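*Asks:* got a predicted structure here, sequence first:
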Amino acid sequence: MLDLIILGLHFFICFLISIAIWCGPKDVDLDSSSTGGAEIEPHGLIFVGREEDIKKSQRITAKINGREIVVFYYEGKFHALDSRCYHEGGPLCHGEIEDIDGQACIVCPWHKFKITLETGEGLYEGINPLEPSPTPKWQSKGAKQRIHKVTRDNGNVYVSPPDLSVSFDSDYFADKYKNAGELAMGK
């Protein structure tokens, strides 16, 4: 009998969690092919949100031509990058921001990969075995995550469409999850 009560309680809790996720914050869909609500400026910038709203929430996810991006507001600056981690496609919109050697980095919630918000560089802690007493130091893997230029104008935040003539490791997961709906936004 106790087993049935525990099982019933388990299902009830799962049901409540499902409702909470379903009713949670909604993402912005700025697919330019269906401009419902998207404002594309004459100079090619795409509206992603109001400055005050993004400052309040600290981050917002959006889609631009089906490509998922995440816009962060951290220490007075806006940063935009592909929303899926270059390593295995983890949802960066759920990651924590850390300061690493003076650089703001998003930490992927799946495997703890660290990516600079400013440049999209992947960081790792490594040692130089040739040093007499090697100590770990943060080093760059190079730009792995596509970043997007953010422009603020009159209380609005805009993102420039990506320059796809240059490729980044994160492009694989951006394409894989393109137009994939809620699954793609890490839900």
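*Replies:* Thanks, I have it. Numbers count the residues shown, from 1 in each chain.
*Asks:* so where's the chain shaky on pLDDT?
*Replies:* Where the chain drops to pLDDT under 70, the residues are 3-4, 7-12, 14-42, 179-187.
*Asks:* tell me where it has strands.
*Replies:* Assigned by DSSP state E, the chain shows strands spanning 28-30, 46-50, 59-64, 67-74, 77-82, 96-100, 103-107, 114-116, 121-126, 137-143, 147-148, 150-153, 156-159.
*Asks:* any chance of a markdown table for these, columns distance to residue 166 and mean neighbour count?
*Replies:* (Glycine included, C-beta is placed from N, CA and C.) Compiled in a markdown table, these are given as follows (distance: least, Cβ to Cβ, whole Å; neighbours: other Cβ atoms under 10 Å):
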| stretch | distance to residue 166 | mean neighbour count |
| --- | --- | --- |
| strand 28-30 | 22 | 19 |
| strand 46-50 | 19 | 20 |
| strand 59-64 | 17 | 22 |
| strand 67-74 | 15 | 23 |
| strand 77-82 | 13 | 22 |
| strand 96-100 | 25 | 12 |
| strand 103-107 | 21 | 20 |
| strand 114-116 | 17 | 23 |
| strand 121-126 | 15 | 16 |
| strand 137-143 | 9 | 14 |
| strand 147-148 | 11 | 22 |
| strand 150-153 | 18 | 14 |
| strand 156-159 | 17 | 21 |
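*Asks:* can you tell which of those strands is closest to residue 5?
*Replies:* Across these, residue 5 has its closest neighbour in strand 96-100 (37.0 Å, Cβ to Cβ).
*Asks:* report the distance from that closest one to the chain centre.
*Replies:* The chain centre lies 13 Å from the centre of strand 96-100; the measure is Cα atoms, centre = their mean, to the nearest Å.
*Asks:* pull up the pairing partners for it, direction included.
*Replies:* With DSSP bridges as the test, strand 96-100 is paired with strand 103-107 (antiparallel).
*Asks:* who's in contact with the strand it pairs with?
*Replies:* With contact meaning Cβ atoms under 8 Å, 6 or more residues apart in numbering, strand 103-107 is reached by 72, 74-75, 77, 79, 81, 92, 95-99, 113-118, 123.
*Asks:* tilt between it and strand 77-82?
*Replies:* 40 degrees (axes from the mean of the first three to the mean of the last three Cα atoms, to 10 degrees).
*Asks:* please state the offset of strand 103-107 from the chain centre?
*Replies:* Centre-to-centre, strand 103-107 and its host chain are 11 Å apart (Cα atoms, centre = their mean).
*Asks:* how far does stretch 83-92 stretch from start to finish?
*Replies:* 5 Å (Cα to Cα, to the nearest Å).
*Asks:* do you know how far the closest residue in space to residue 85 that isn't next to it in sequence is from residue 86?
*Replies:* Leaving aside its chain neighbours, residue 85 sits nearest to residue 108 (4.1 Å; criterion: Cβ to Cβ, 6 or more residues apart in numbering). According to Cβ to Cβ, to the nearest Å, residue 108 and residue 86 sit 9 Å apart.
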